[in-house]
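Trainee: Predicted model and sequence follow; I will ask about them next.
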Amino acid sequence: MHKMTPPIKDLLPRLTPILKNRHEKVQENCIDLVGRIADRGAEFVSAREWMRICFELLELLKAHKKAIRRAAVNTFGYIAKAIGPHDVLATLLNNLRVQERQNRVCTTVAIAIVSETCSPFTV
């Protein structure tokens, strides 16, 4: 992770626009990559950037493809482990107010994964 080119702190902001790509396979693999970075190299990226990615991931919970939604939900858990659950949970709890049922269900699953990942914290 230390010797990567480009460095992770530069790579992650470049991945954010790719999350909006309309091709489903590209979205799924990009989300998986962001999740891996959150899992293994979270310390290289600021908490502010992780929160920016959380807001991008909220949009992906509306995806038609289940694999995209599953990858996004799992990535929320990795990000919560990286920066702490408080900001991530606040974002997810606000997202429970939306109309679409699928979005609320995915948000609930994401909250469950965050609480499982950050078990020593009170959720």
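Mentor: Looks like it arrived, so ask away. This one's a predicted model, so the numbers in the text were calculated from it and none came from an experiment. Numbers count the residues shown, from 1 in each chain.

Trainee: check contacts around Lys9.
Mentor: Counting by C-beta atoms under 8 Å, 6 or more residues apart in numbering, Lys9 makes contact with 44-46, 49. For every residue, glycine as well, the C-beta is placed using N, CA and C.

Trainee: can I get the residues you listed in JSON lines with neighbour count and distance to Ala112?
Mentor: Formatted as JSON lines, the contacts of Lys9 follow (neighbours: other C-beta atoms under 10 Å; distance: C-beta to C-beta, whole Å):
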{"residue": "Phe44", "neighbour count": "17", "distance to Ala112": "28"}
{"residue": "Val45", "neighbour count": "24", "distance to Ala112": "24"}
{"residue": "Ser46", "neighbour count": "12", "distance to Ala112": "26"}
{"residue": "Glu49", "neighbour count": "15", "distance to Ala112": "25"}
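
Trainee: And the residues you listed, which is closest to Gly35?
Mentor: Checking these against Gly35 by C-beta to C-beta gives Val45 as the nearest, at 12.7 Å.

Trainee: Take the contacts of Lys9 and keep only those in helices.
Mentor: Glu49 (DSSP state H).

Trainee: Skip ahead from the helix or strand of the chain with the lowest mean pLDDT and say which helix or strand is next.
Mentor: Across the helices and strands of the chain, the lowest-confidence element by mean pLDDT, DSSP states H and E is helix 8-15, at a mean of 90. As assigned by DSSP states H and E, the chain's next helix or strand after helix 8-15 is helix 24-40.
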